[in-house]
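Trainee: take a look and give me a structure for this.
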Amino acid sequence: MSLKEKLPHPPSSELAEKAWSARESWRVFGIMAEFVEATEKLNAIRPAVSIFGSSRVPADHPYYALTEQIARRLSDAGFSVVSGGGPGVMEAANKGAYFGKSPSVGLNIELPHEQASNLYQDISQTFHHFFARKVMFVKFATAYVVMPGGFGTLDEVSEALTLVQTRKTRKMPIILVHEPFWRGMLDWFRDTLVAEGMIDADDMGLIQVINEPQAVVDAIFNYYEKRGFEPSAAEREILLNL
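Mentor: Numbering: from 1, shown residues only. Predicted coordinates:
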């Protein structure tokens, strides 16, 4: 019997666990590469506005048209427009910006059952990891424009509010578009979250609700009128630690 045959063999489950652990360790390098590639590609897009909204909105829906109008006005005003790069509201945002004067940026994500990239992207970056994609939405944003949407949109607006509230990113306009859609959520914020002390009453001031495309653009310019769009040294430091 050879020495190899005499040595005890580790259980198959132990081997599988070691292989999985090795994959997890190497995955870190893939995440690092994703951050580096995206940062280098997007560094020149400032000032930029991130637009969120439903992927399920068809091209003939009023929300699609409203998003396209907002994105076009933002693009013509000098803002790069960043969307999720997919269909629905994301496509409308990219389309409006694509035919405007400033870059249309799509941060695409690989999903099992959806997310085909739309055709209206001057700059396109595809992510494997949701969290890396989310960081890029925040890192390069001058403002957030939130159109009607589902769980993904609610996730994005909640994260934006949390990051600004906790000062993990710089304060900026967070604009909800189309008041009738958001009314119930905002009423619940006031009547439950504020009333029960889950958030401060002042936190409601982080949100603006606007209905008209030009008013969205005006609100962003009004916010930065006295300070300029470039982040301060302190804000840059905050963004490094997102």
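Trainee: excluding sequence neighbours, find me the nearest residue to the spatially most central residue of the chain.
Mentor: For the chain, the residue nearest the mean C-alpha position is residue 137 (3.6 Å; Cα atoms, centre = their mean). Sequence neighbours aside, residue 50 is the residue nearest to residue 137 in space, at 4.8 Å (criterion: Cβ to Cβ, 6 or more residues apart in numbering). Where you see a C-beta, it was placed from the backbone N, CA and C, and this is true even at glycine.
Trainee: what about that neighbour, how many residues nearby?
Mentor: Residue 50 has 26 neighbours, counted by other Cβ atoms under 10 Å.
Trainee: returning to what we had before: the helix or strand hosting the residue nearest to the centre of the chain: what's the following helix or strand?
Mentor: Here residue 137, judged by DSSP states H and E, is contained in helix 130-139. Once the chain leaves helix 130-139, the next helix or strand it forms, by DSSP H and E, is strand 141-146.
Trainee: average pLDDT across stretch 160-177?
Mentor: For stretch 160-177, mean pLDDT rounds to 95.
Trainee: now do the buried residues in it.
Mentor: Neighbour counts over stretch 160-177 (16 or more other Cβ atoms under 10 Å) mark 160-161, 163-164, 169-170, 172-177 as buried.
Trainee: distance to residue 235 and secondary structure added to those, as CSV?
Mentor: Shown next, in CSV, are the buried residues of stretch 160-177 (distance: Cβ to Cβ, whole Å; DSSP: H, G, I helix; E, B strand; the rest coil):
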residue, distance to residue 235, secondary structure
160, 15, helix
161, 18, helix
163, 12, helix
164, 12, helix
169, 8, coil
170, 4, coil
172, 10, coil
173, 15, coil
174, 16, strand
175, 19, strand
176, 23, strand
177, 25, strand
